[in-house]
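A.B. asks: sequence and predicted model, in that order:
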Amino acid sequence: MVLFDVEVPSGTENKLLMDVCLPESDRLRDTLLFLHGGGFTGGTKEQFLGICAGVALATGWAAASLSYRLASPETPFPAQIEDIDAAVDFLQSRSAQWKLDPQNVVLAGGSPGGCIAAMACLLPKDSSAHSRNGKDGLRQCILLNGIMDMPAFIRRNPEEEKNLLAFLPDPGKWEGYSPLHLAAEYGCGKRFLLLHGTEDRVVPFTEAREMEKTIRQCGGMAETVAFPGEGHAWFNETAKQGKVIRTIATWLTEEEKERL
């Protein structure tokens, strides 16, 4: 079953919509929450609907795709993190109705969605940037060619500076809030899967390896899966989404076995 345009209560005037894939299940299942790409200022939940459905069918997990608030002068960071927290709260509130394990929500995101997902996973609830409402339970994250170093991203892609400024208006904060920096401080106990094209010129494959190394050095778990010859947004191509679904499904299934 797929529920389209589920409204997530957010406490703001903005309407948060989410598509939710719920395969039939007689057991409590975990949830995968996807965050779309689009340069921080664009994109919609539909980007990951196909992958959500595929992962749900392959694993029995619930899978959801969220249209978070796009970055703008009116809605900069941490609005997007707050939207993730609202979506997690909503999924947890539906745990009995949808047979969801409220203790295990895994975040996933592509490109800037990966950056935002990683920030939400790594930032502690007592962050000075905002109140996390107790979301320290977000411990697992999947990045699809995610942006991990914001200053390096702009050096390579200066045309994206306007979009990043809409998300995080103070360039002095770009390094400190980059997932790569946060991983060095808060990566202990976290578990990351990084899917990355080896020919990515927007976010080089070497950054995925660096993120993996950083998380492992501080006591977390991380695995990088290389996709030879693929560029930055390869995962959006329908013909290649089967590879994404199989890789994520295998990782989630192994993680679930480890907990049982």
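C.D. replies: Cool, the structure landed. Not measured: the values here are computed from a predicted model.

A.B. asks: host element of residue 146?
C.D. replies: For residue 146, there is no host helix or strand (DSSP states H and E).

A.B. asks: count of neighbours near the nearest residue to residue 113 once chain neighbours are set aside?
C.D. replies: Residue nearest to residue 113 in three dimensions, not counting chain neighbours: residue 35, with 3.6 Å by CB to CB, 6 or more residues apart in numbering. Backbone N, C-alpha and C define where each C-beta goes, glycine included. Residue 35 has 31 neighbouring residues, counting by other CB atoms under 10 Å.

A.B. asks: looks like residue 35 contacts residue 116 (just checking).
C.D. replies: Yes - counting by CB atoms under 8 Å, residue 35 touches residue 116, with 5.5 Å between them.

A.B. asks: sorry, back to before: okay, and the beta partners of the residue nearest to residue 113?
C.D. replies: With DSSP bridges as the criterion, residue 35 is bridged to residue 66, residue 109.

A.B. asks: give the contact list for it.
C.D. replies: Going by CB atoms under 8 Å, 6 or more residues apart in numbering, residue 35 touches 66, 68, 80, 84, 107-110, 113-114, 116-117.

A.B. asks: go again with 7 Å.
C.D. replies: 66, 68, 107, 109, 113, 116-117 (CB atoms under 7 Å, 6 or more residues apart in numbering).

A.B. asks: is residue 153 in contact with residue 147, as I believe?
C.D. replies: Yes - taking contacts as CB atoms under 7 Å, residue 153 lies within contact range of residue 147: 5.1 Å.

A.B. asks: overlap of the contact sets of those two?
C.D. replies: Common neighbours of residue 153 and residue 147 (CB under 7 Å, 6+ apart) are residue 203.

A.B. asks: where does the stretch 1-150 of the chain dip in pLDDT?
C.D. replies: When residues are selected by pLDDT under 70, those of the stretch 1-150 of the chain lie in 125-137.

A.B. asks: can you do 90?
C.D. replies: Scanning the stretch 1-150 of the chain with the threshold set as pLDDT under 90 gives 10-15, 24-28, 102-103, 124-138.

A.B. asks: hmm, what's the outermost residue in this protein?
C.D. replies: Distance from the C-alpha centroid of the chain peaks at residue 26, with 27.2 Å (CA atoms, centre = their mean).

A.B. asks: how about it, secondary structure?
C.D. replies: Counting by DSSP: H, G, I helix; E, B strand; the rest coil, the backbone at residue 26 sits in coil.
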